[in-house]
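Trainee: What would the 3D arrangement of this be:
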Amino acid sequence: MGIDHETNQLLMYRRVYLVGFRPHLQGEIRETALNLALPLHFFHALQDNAESGQMQIDNILGERLRQSINSFLLSSADWVVFALGSEADTRQLASDVTLAMAQGKDIVFLHDAKLGAPPACLEQIACYVADDYLQLLKYLEQHSAKVTS
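Mentor: Just a heads-up that it's a prediction; the model follows:
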């Protein structure tokens, strides 16, 4: 929570969990939301070391710990936003999408418009499908509550 000092309103920050986002896009989203003073708090999935370019995780305990942390992060979110790129990326996110659905999370997809129309099944799963991160932020802003004190 925070206070909008111009209106003296209590802001309820919505927690937004980003899955499948590249680090540069995570940064752009956070910076833009901060500049627009949106009542959103972003956090992201821990990537395995192979995805992040570091040495691969070579033990099962490390991988299980990463999965456990990501599951906790997902469960603490108000919104779960999935970045979709190639078909392979989409398949990799399937288990996270399933978990978010099972937990009744509000799901939003960011689909790269350069890849053509998003798969029709996304509209059955998601609250919204955005073509770019500015559309995503606009949607999240419109659907985030401000509570007066």
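Trainee: biggest helix in this structure by residues?
Mentor: In the chain, assigned by DSSP state H, the helix with the most residues is helix 60-75.
Trainee: contact partners of that one?
Mentor: The set of residues external to helix 60-75 that reach it, using C-beta atoms under 8 Å, 6 or more residues apart in numbering, is 17, 19, 43, 45-46, 48, 57, 80, 96, 99-100, 103, 105. All C-beta atoms are positioned from the backbone trio N, CA, C, and that covers glycine.
Trainee: Where does pLDDT dip in this structure?
Mentor: Residue ranges of the chain with pLDDT under 70: 1-11, 48-58, 86-91, 145-149.
Trainee: Let's see that with 80 instead.
Mentor: 1-12, 47-61, 85-92, 113, 115-121, 123, 145-149 (pLDDT under 80).
Trainee: What segments of it are helices?
Mentor: Going by DSSP H, the chain shows helices at 23-35, 49-52, 60-75, 87-92, 94-102, 121-125, 133-142.
Trainee: okay if I get these as TSV plus mean neighbour count and distance to Asp112?
Mentor: Formatted as TSV, the helices of the chain follow (neighbours: other C-beta atoms under 10 Å; distance: least, C-beta to C-beta, whole Å):
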stretch	mean neighbour count	distance to Asp112
helix 23-35	14	10
helix 49-52	12	18
helix 60-75	13	22
helix 87-92	12	9
helix 94-102	15	17
helix 121-125	12	13
helix 133-142	17	11
